[in-house]
Each structure stands twice: as C-alpha cells, then as structure tokens.
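Chemist: coordinates only, sequence not included:
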C-alpha cells in the first residue's frame, strides 16, 4: 500500500502528519509546512487521523484565502490573529479514538457566484472604470440568471452549453431599456428572427467575459479550474458582413451635406473619413493634438493625455494629416482652440467621448436617407481600413494608422522615431472617395 504524502514514519516507527502550506499562505503561518506526531505505530489509525487533519487544514486554508482575497479588495485582515485562531483547530486534530469508518468529508464553505461577481466588479471598476465594469456586471448577472446562483465549483460543461444555447436565441441589446426588467424566461418566450439575435461575435464576447471572470477566480485560488475554456463559437459569416462599411457614394453624400449648425459633428465626420479615427478618439481631441513635426509634416497626435482614454496601448500613435483636411483648414481651426478641447461642446459620457457624436451622426445620416444596418459612425472607420487594403498599403502601415495590434511586424514607431513619414503619408493619401464638393462654410472656419 502506498503511503500518502502527508503521512510518514520516523526511525522509531511513530507515524507523523506532514502537509505543505500553500505558498500564498506561508508568510502568514511563518512556516512552509504543518507537522505533528500522531503518537501511534498503527498504520490504519495513522491514515485515518491524517485524513481528518487534511480535511481540517483544507477548510481553514480556504477560509484564509477568502479573507486575504477580501482584504485585497479593500478590507483588512489581521494575519497574526487569524493564524492564532486557526492554528489550534488545525493542529489539535480529532481525538484518536478507534473508528470503523472514516468520517465524512467536510467541504470548506464556498463562495457563491453572486458574491464572486460582486467582488470581481469591485476590482474591475477600480482598474477599468465604471463604464466597462457596468457592462461586465450586466453580462455576468444574465449569465447567473441563466445557469443559477450556486457555489462556484459546481458549474459544469452542461452550464456552459446551456448558457451558449441561450445566447444564440436572445435578442440584441438585451441589457438595454427595453429588456431591462424582464426575466430571461419571459424574453425567451418569443422566437427572434436571425437578424434580431446576437451576432456570433457578440455571443463570443459574452462567453469570453465569463471565461475571463472565472480565470480570475482560478488566479485568486478560489477554484482549481472551470469549464468555460475554449467555449467560443466559430464564425459562420465573414466579419465584413457583420460590420458593414459605408460606400463611397454614401460618404460623399454625408460629406457634401455636413451641417453648418453642428460644427463639432461635421469636423468629427470629416477628420474620421480621412484618418480612420475611432469616434471616441476624434471626439476627445485637444486643440494641441494637431502637431507639426520637425520635417514640417502636420499630424494628428493620438494620446491619452488629460481626460482622454485609449482602447489599447497601440492606440497611441501619430497620423499624417490628409491633404483634404489641410485644404479644409484643420490647422487653423485647431490653432483657434489651442489650450483646450478641439470640440468643447462634446460632453463625455461616463468618462468617454464619442457617445454624443455617435447619436448625432445617426440622426444626420438618417436625415439623408442612409438607413442601412451597420451604417454607424464606426462604419466610417471600416471604410477607411478597406480603402487602405484596396490600395495595397502594407499591413503594418494600416495597423499603425488604425491603432491596431502590430505584433512583431514593422510598426509606425520605426518611422516616427526617424521622422520618416513618407510611407504613412502615401498611405493616408490613398484614402480617396472621388470628387467631393465640401460645403463652403467649412473653408470659412
């Protein structure tokens, strides 16, 4: 019979209990292992006692992990008192009386999904801001509603399948006002046509949010593993179909009808059409973000200074200004706003710019009869990227302009450090929608 790792025999044939303390708790205990004489030479009695010591130790290790975890989110833990309180319970062990059967295993009390979500969202809010954390919370609460609130170690592959099946049936914007107070059972009473359901991309985003959340629980030693790995679905449709871009005719129509009474919106549209900036990037520009480099090139400096936020580290970049923007007078317009926001009337929503511009753009395009699905402000960005690809612009240059991940390929940093903007100037000038008659009021600014 193999001797359990936590049970060993001394030279005097006395059995001892020995158990390694988890690494993250060793500093609290001030030692790396627990060790105690079982005062018996009988193998069966020693094994029975060791099993009970292990049960007791595991339960108290779990209690300490949870206390440490809660302390990391703003609470406090007195490690000395915690160990002083638990050590006698761990080491006193059971009374070594004869037993015909091993005692039933006592599982440590587990944290429930609802409590874990509360702790996770608290941490994410401090790290990523209220807006992002709020979206995560809504998705995770829907997940809990679908599969139930139970101890976190009890979620199975069947729960993953159930959640994924429901995601494929629910409507878009399920967290919006229309469905806000409706239980999932009521929402699923209706069959939604494919065009009203979540896209495969959105389904995968929610599955990934859940997996990331459970990975966080694993990292914090709250569960050993989870069943949501490799849960994402293969896409059945091309990305281009899920996120349509605007056609050249539609962009010309929008640019030729820029509203004079909405100056900020008009400039945001014009800048994005010839740079591919995200709506939050263009709406949050400062007047001083239009810069001239030492070689005389005028550029957009996309950064996170002040109250601006970037989607990722790759979002920080410098983009040469398109000749259309220079002729329209963007330099003079920006100089008139030096020291402040380029669009002072654009108000951030929950710390992010772009929300107001997106809503205003939707009303403007609809007033022009442009009502197709996906023809959003973000569709302008897709149009720009499509133009760059069609012109044969190298992938690294396209990524440098768009602020995408550049990987190990040649990146814009190489050019900006040398002030060698030739390749990116040529790439920007390849953005061409044909002949456009911009409204005359633009040139008067």
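Modeler: Cool, got the structure. These numbers were taken from a predicted model, which means no experiment stands behind them.
Chemist: Does residue 44 belong to a helix, a strand or coil?
Modeler: helix (DSSP: H, G, I helix; E, B strand; the rest coil).
Chemist: give me the number of residues near it?
Modeler: 11 (other Cβ atoms under 10 Å). Where C-beta positions appear, they are placed from N, C-alpha and C, glycine not excepted.
Chemist: Kindly report the same for the one 5 residues further on.
Modeler: A count of nearby residues for residue 49, using other Cβ under 10 Å, gives 23.
Chemist: do you know how far it is from residue 62?
Modeler: According to Cβ to Cβ, to the nearest Å, residue 49 and residue 62 sit 21 Å apart.
Chemist: What segments of the chain are strands?
Modeler: 7-9, 15-20, 33-37, 290-292, 298-302, 317-320 (DSSP state E).
Chemist: Would you tell me which one of the ones you listed is buried the most?
Modeler: Across the strands of the chain, averaging neighbours per residue (mean count of other Cβ atoms under 10 Å) puts strand 317-320 on top, at a mean of 23.
Chemist: Name every strand pairing with that one and say which way it goes.
Modeler: strand 298-302 (antiparallel) (DSSP bridges).
Chemist: hang on, the earlier thing: any chance of the strands of the chain in TSV, with distance to residue 337 too?
Modeler: TSV is the format used below for the strands of the chain (distance: least, Cβ to Cβ, whole Å):
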stretch	distance to residue 337
strand 7-9	76
strand 15-20	63
strand 33-37	66
strand 290-292	9
strand 298-302	14
strand 317-320	18
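Chemist: would you turn the ones you listed into TSV with mean pLDDT and distance to residue 331?
Modeler: Below are these laid out as TSV (pLDDT from 0 to 100; distance: least, Cβ to Cβ, whole Å):
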stretch	mean pLDDT	distance to residue 331
strand 7-9	80	79
strand 15-20	84	67
strand 33-37	83	70
strand 290-292	93	6
strand 298-302	93	6
strand 317-320	91	13
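Chemist: Setting aside sequence neighbours, what's the nearest residue to residue 271?
Modeler: With sequence-adjacent residues excluded and distances taken as Cβ to Cβ, 6 or more residues apart in numbering, residue 271 is closest to residue 282, at 5.2 Å.
Chemist: hang on, that neighbour packs against residue 270?
Modeler: No: if you go by Cβ atoms under 8 Å, residue 282 and residue 270 don't touch, sitting 9.4 Å apart.
Chemist: before we move on, the earlier item: tell me the contacts of the residue nearest to residue 271?
Modeler: 268, 271-272, 275, 354, 357 (Cβ atoms under 8 Å, 6 or more residues apart in numbering).
Chemist: most surrounded residue in the residues you listed?
Modeler: residue 268 (29 neighbours).
Chemist: ok, it - contacts?
Modeler: Counted by Cβ under 8 Å, 6+ apart, residue 268 has contacts 279, 282-283, 343, 346, 357, 361.
Chemist: Restricted to helices, list these.
Modeler: 279, 282-283, 357, 361 (DSSP state H).
Chemist: Relative to residue 21, which of these is nearest.
Modeler: residue 279 (52.1 Å; Cβ to Cβ).
Chemist: Contacts only, for the residue nearest to the closest one when sequence neighbours are not counted.
Modeler: Setting aside the residues directly before and after it, residue 279 is nearest to residue 354 in space (Cβ to Cβ, 6+ apart), at 3.8 Å. Contacts for residue 354 (Cβ under 8 Å, 6+ apart) come out as 278-284, 377.
Chemist: Could you report the separation of residue 21 from residue 437?
Modeler: 76 Å.
Chemist: who has more neighbours, these two?
Modeler: Set side by side, residue 21 and residue 437 show more neighbours around residue 21, with 19 against 8, by other Cβ under 10 Å.
Chemist: For burial, what's the neighbour tally of the nearest residue to residue 284 once chain neighbours are set aside?
Modeler: Leaving out its chain neighbours, the residue that sits closest to residue 284 by Cβ to Cβ, 6+ apart is residue 353, at 3.6 Å. Under the neighbour criterion other Cβ under 10 Å, residue 353 is assigned a count of 24.
Chemist: Would you check that residue 61 makes contact with residue 22?
Modeler: Yes: counting by Cβ under 8 Å, residue 22 is a contact partner of residue 61 at 5.9 Å.
Chemist: per-domain residue ranges of the chain.
Modeler: 7-92, 113-242, 248-443 (automatic domain parsing).
Chemist: Among those domains, show me which one is buried the most.
Modeler: domain 248-443 (a mean of 17).
Chemist: re the thing from before, specify which member of the contacts of residue 354 is nearest to residue 255.
Modeler: Nearest member of these to residue 255, counting by Cβ to Cβ, is residue 377, at 13.5 Å.
Chemist: mind checking how far that closest one is from residue 259?
Modeler: With distances taken as Cβ to Cβ, residue 377 is found 15 Å from residue 259.
Chemist: Please name the residues that touch residue 323.
Modeler: Per Cβ under 8 Å, 6+ apart, neighbours of residue 323: residue 429.
Chemist: so how far is residue 429 from it?
Modeler: Distance of residue 323 to residue 429, computed by Cβ to Cβ: 6 Å.
Chemist: Could you tell me how many residues sit around the closest residue to residue 375 other than its chain neighbours?
Modeler: Excluding the flanking residues, the one nearest residue 375 by Cβ to Cβ, 6+ apart is residue 246, at 5.7 Å. Number of residues near residue 246 (other Cβ under 10 Å) recorded here: 27.
Chemist: Could you measure from residue 246 over to residue 153?
Modeler: Taking Cβ to Cβ, one finds residue 246 at 49 Å from residue 153.
Chemist: Need the residues that contact stretch 340-351.
Modeler: Residues outside stretch 340-351 that contact it (Cβ under 8 Å, 6+ apart) are 129-131, 134, 264, 267-268, 283-287, 289-290, 307, 309, 333-334, 337, 353, 355-357.
Chemist: end to end, how far does it reach?
Modeler: The first and last residues of stretch 340-351 sit 17 Å apart, counting by Cα to Cα, to the nearest Å.
Chemist: Check the offset of it from the chain's centre.
Modeler: 24 Å (Cα atoms, centre = their mean, to the nearest Å).
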